[in-house]
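> What follows is a protein structure lacking sequence information:
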């Protein structure tokens with residue numbers, strides 16, 4: 001089902017996975033880690049406070065971690081296989097009053113990894129959508145600072161943005177189902193596009209010429225069975241890293257398993 005990571009040679013695989021409750025999906029996560037052995041994993045939506053993060057189970061599986069949890073909602077973590085991630089930041093700068101656990105950053109294997117869980121923004125218009133836009137503006141500003149360092153950087157996670165209409169399943173009821181959804185609004189799309197125009201490479205489209213695969217299928221309306229998917233999980237590469245892109249993809253079979261998250265892991269391979 002999955003590519004054989006153990007014969008990848010001189011490449012590093014960085015994955016992102018909205019796990020949608022790390023303790024509830026821990027068996028799924030451990031199975032996937034054992035089958036694919038990614039070198040670095042960004043997790044989102046832990047839904048666990050710091051003391052309930054399953055660090056011991058992950059360490060037995062060969063992964064060290066840094067994390068920032070939050071009770072009931074949010075939460076982000078970075079896992080490293082056979083290495084110790086060096087924490088560099090545990091929140092997104094720009095708003096000291098923001099207490100939501102949505103960003104963590106660490107150096108792993110010579111690459112700076114930013115793991116993010118952007119706000120959903122629904123319903124819109126309203127304060128949740130305003131927060132989403134302000135958060136994305138802060139991300140854009142921080143991304144510019146990271147790019148200015150000249151370091152190799154991956155910004156990976158659940159952006160909660162469908163970049164274009166190509167990144168959502170064809171739907172006859174599109175106008176009724178999605179026209180007002182915050183994930184597809186012009187404002188977050190424009191902010192995502194601004195990151196690309198600033199020099200960041202969207203790895204999945206760059207490596208998948210036949211069209212980038214979906215990463216999310218809602219639990220509602222038989223979305224998985226109908227392949228009614230969206231692409232909202234992204235891996236952006238800094239200009240200093242883009243030339244090392246060797247491949248990218250989505251382990252979509254993970255979404256079809258019992259007790260699955262509504263997301264599938266997306267990954268990039270770097271020379």
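Thanks, I have it. What you are looking at is a predicted structure, and each value in this text was computed from that prediction instead of being measured.
> so where's the stretch 101-250 of the chain shaky on pLDDT?
172-176 (pLDDT under 70).
> Please enumerate the helices of it.
Ranges of helices within the stretch 101-250 of the chain are 127-149, 174-178, 186-197, 203-207, 239-242, based on DSSP state H, counting those that start in this stretch.
> Look up phi and psi at residue 44.
phi -130, psi 160 (degrees, to the nearest 10).
> re earlier: tell me which of the helices of the stretch 101-250 of the chain sits nearest to residue 50.
Comparison of those against residue 50 by CB to CB identifies helix 127-149 as nearest, at 21.4 Å. For every residue, glycine as well, the C-beta is placed using N, CA and C.
> Mind listing what's buried along that closest one?
129, 131-133, 135-136, 138-140, 142-143, 146-147 (16 or more other CB atoms under 10 Å).
> Now tabulate the helices of the stretch 101-250 of the chain in CSV and tack on distance to residue 259.
Formatted as CSV, these follow (distance: least, CB to CB, whole Å):
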stretch, distance to residue 259
helix 127-149, 28
helix 174-178, 26
helix 186-197, 30
helix 203-207, 26
helix 239-242, 34
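> Would you mind saying which of those helices lies nearest residue 166?
helix 203-207 (8.6 Å).
> Show me what that closest one is packed up against.
Helices and strands touching helix 203-207, by 3 or more CB pairs under 8 Å, 6 or more residues apart in numbering; DSSP states H and E, are strand 233-237, strand 245-250, strand 266-270.
> I'd like those laid out as JSON lines, including distance to residue 191 and mean neighbour count.
Formatted as JSON lines, the helices and strands packed on helix 203-207 follow (distance: least, CB to CB, whole Å; neighbours: other CB atoms under 10 Å):
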{"stretch": "strand 233-237", "distance to residue 191": "12", "mean neighbour count": "26"}
{"stretch": "strand 245-250", "distance to residue 191": "22", "mean neighbour count": "19"}
{"stretch": "strand 266-270", "distance to residue 191": "20", "mean neighbour count": "27"}
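> So for the protein, the centremost residue is which one?
The centroid of the chain falls nearest to residue 157 when counting by CA atoms, centre = their mean (1.7 Å).
> What residues does the spatially closest residue to it that is not a sequence neighbour make contact with?
Computed as CB to CB, 6 or more residues apart in numbering, the closest residue to residue 157 that is not its neighbour in sequence is residue 116, at 3.8 Å. Residues near residue 116 by CB atoms under 8 Å, 6 or more residues apart in numbering: 42, 44, 76, 92, 102, 103, 139, 155, 156, 157, 158, 159.
> No further queries at this time; thank you.
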